[in-house]
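Student: quick one, structure for this:
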Amino acid sequence: MDYSRPYGYENNITLGIAMHRPQKSKGAIFVNPGGSDPVAVLAWEMALNLTETFRGLEDYDLMMMDIRGTYSSNPLNVSLQTFNDLPLSYPRRKTEFEIYRKASAAMFQSWIDSSSPPGIVGHVGTKEVVQDFEQIRTALGYDKICFIGLSYGTYRAQQYAAAFPARIDKLVLDAIVPHGRSLRDKSFDDIKALNRAVLRADAYCQDSDSCQLQRSGKGSIPMAIKTIIRRARTQQIIPVSALQSALASQFSGDPDFDSFTVSLEMALDGNLSSLLESAPLTVESVVALPQECGDLPYNEYTYEAFKDSYDDAIALGCSGWPFHVNSEVPQPIAKPTIVMAADFDFDAPIEWSLFDLTQFDLDFVSLVVRHGDGHTSFAIPNEPFGTIGKNFLRSGEQPYPTSTPLYKIFSGSNINYTFPNPYRVPFNP
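Tutor: Numbering: from 1, shown residues only. The predicted model follows:
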């Protein structure tokens, strides 16, 4: 559990892994799809032919580990009720911030008290996860591994590569979560990504006969959002911050623009239920909070730093985290790597990938930018991105710089990315 202490009866946990292991393996690939997502189940899906994500890699050992604190790896006992007890409104003054911090501390303490073994909640961060990966590599006898990381899995893959560079062969990093970027800059990146996503929703509406807001012309979606927020602020039916969070959640993952525009139409008619119910809270989403709280010293932020971060939600949720966390540092990488990003990914703004690339030896890197919406690219069915990544893992050869309607590939030494017009990029069929 705690790698700084000797292994013992009160200092151990069970890690759940599943593997695809061919009779004659060409190497080992560790896979992490990010966040608190179920991972070991991917190997079962592969065995039962329920996924094509790893087609073309069947002659490799594929290792999928549920991250500690989730599913088959000593799951934390977190409560949705204690999370729901957090204040709904974002603090607007220091006293409110301190009230929120106390509520956050009480939430974490309840999870600490109910999870076992004692102390596990304070040891679910990436530092420990990296050590878990290394323990598994050692136990399985691999000299080197390749790593496929998606979303928060890129954060873990990079830390593993920085901690154990001699054990890494190649990396595929899809939708990067960066190291060393300030909270203020990351939050501002989020704001820019949200604005781009809103314009994409507007572009979709202008191109869809089913969108009733189309009759108002270009800009109808941003105008509808402004109207709904203004009404909420005036009528005080719901905290504006809660409404803003609900609106932003519409663009997380793979956004459903049809559903979103319908929800906006209902909200304009005074019915907010569809907007507010579209992103139900789950244990899986809540358990990701202690994982992230253990990676950055959010609990050291003052009210002034919180406001300077544009009211960052993670910083607020982690404000009562009771454990010491070291400051984040850049993670320089000098290994053959493909980085994937998408123009209009709200969850991992492309600014994060561009920033992180400054920490890489660019002679070893290619950047693949998907033109479109949604979070992560490697696993999209019937699209070329998985093939690009898998060909790289098999051959070690970087893809040739090229530009197509679907994507653009940059060599690491010549990355001159510019954002496309959100109204001109086609939508997936």
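
Student: for residue 365, which non-adjacent residue is spatially closest?
Tutor: Of all residues not flanking residue 365 in the chain, residue 412 sits nearest, at 3.5 Å (C-beta to C-beta, 6 or more residues apart in numbering). No exception for glycine: its C-beta is placed from N, CA and C like everyone else's.

Student: residue 359 is in contact with the one you found, correct?
Tutor: No. With contact defined as C-beta atoms under 8 Å, residue 412 and residue 359 do not form a contacting pair (11.7 Å).

Student: which elements pack onto the one helix or strand in the chain whose mean pLDDT sits lowest?
Tutor: Least confident helix or strand, the chain: helix 273-277 with a mean of 86, by mean pLDDT, DSSP states H and E. Here helix 273-277 touches helix 240-249, helix 257-268, going by 3 or more C-beta pairs under 8 Å, 6 or more residues apart in numbering; DSSP states H and E.

Student: buried set for the first one?
Tutor: Yep, that's helix 240-249 we're talking about. 240-241, 243-244, 246-249 (16 or more other C-beta atoms under 10 Å).

Student: which helices and strands does that helix pack with?
Tutor: Short answer (3+ C-beta pairs under 8 Å, 6+ apart): helix 240-249 packs on helix 220-235, helix 273-277.

Student: mind listing what's buried along the longest one?
Tutor: Within helix 220-235, the residues that qualify as buried by neighbour count (16+ other C-beta under 10 Å) are 220-221, 224-225, 228, 231-232.

Student: Throw these into a markdown table and include distance to residue 406 and pLDDT, thanks.
Tutor: Formatted as a markdown table, the buried residues of helix 220-235 follow (distance: C-beta to C-beta, whole Å; pLDDT from 0 to 100):
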| residue | distance to residue 406 | pLDDT |
| --- | --- | --- |
| 220 | 28 | 97 |
| 221 | 25 | 97 |
| 224 | 30 | 96 |
| 225 | 29 | 97 |
| 228 | 34 | 96 |
| 231 | 40 | 94 |
| 232 | 39 | 92 |
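
Student: residue 168 and residue 337 touch, don't they?
Tutor: No. Between residue 168 and residue 337 there is no contact under C-beta under 8 Å: 9.3 Å.

Student: comparing these two, which residue is more hemmed in?
Tutor: For residue 168 versus residue 337, neighbours defined as other C-beta atoms under 10 Å are more numerous around residue 337 (26 against 23).

Student: the closest residue to that one other than its chain neighbours: neighbour count?
Tutor: The shortest distance from residue 337 to any non-neighbouring residue, by C-beta to C-beta, 6+ apart, is to residue 171 (4.3 Å). Neighbour count for residue 171, taken as other C-beta under 10 Å: 27.

Student: quick one: contacts for the spatially most central residue of the chain?
Tutor: In the chain, the centroid-proximal residue (C-alpha atoms, centre = their mean) is residue 151; its distance is 4.0 Å. Residues near residue 151 by C-beta atoms under 8 Å, 6 or more residues apart in numbering: 33-35, 174-175, 177, 347-348, 375-376.

Student: let's see if you can find the most crowded of the residues you listed.
Tutor: Ranked by neighbour count (other C-beta under 10 Å), these have residue 174 at the top, with 31 neighbours.

Student: and the gap between it and residue 272?
Tutor: To residue 272, residue 174 is 34 Å away according to C-beta to C-beta, to the nearest Å.

Student: ok, now residue 217?
Tutor: Going from residue 217 to residue 272 by C-beta to C-beta gives 24 Å.

Student: more neighbours: which of those two?
Tutor: When residue 217 and residue 272 are compared for neighbours, residue 272 comes out ahead with 19 against 11, by other C-beta under 10 Å.

Student: my guess is the more buried one contacts residue 240, does it?
Tutor: No. Counting by C-beta under 8 Å, residue 272 does not reach residue 240; the two are 12.0 Å apart.

Student: where does the prediction get shaky in the stretch 51-200 of the chain?
Tutor: Nowhere does the stretch 51-200 of the chain drop to pLDDT under 70.

Student: tell me where this structure has strands.
Tutor: Listed in chain order, the strands of the chain (DSSP state E) span 17-20, 28-32, 61-65, 145-150, 168-174, 337-344, 365-373, 402-403, 407-411.

Student: now the ones you listed in a markdown table, with distance to residue 127?
Tutor: Listed next are these as a markdown table, based on distance: least, C-beta to C-beta, whole Å:
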| stretch | distance to residue 127 |
| --- | --- |
| strand 17-20 | 19 |
| strand 28-32 | 15 |
| strand 61-65 | 16 |
| strand 145-150 | 16 |
| strand 168-174 | 17 |
| strand 337-344 | 21 |
| strand 365-373 | 25 |
| strand 402-403 | 38 |
| strand 407-411 | 32 |
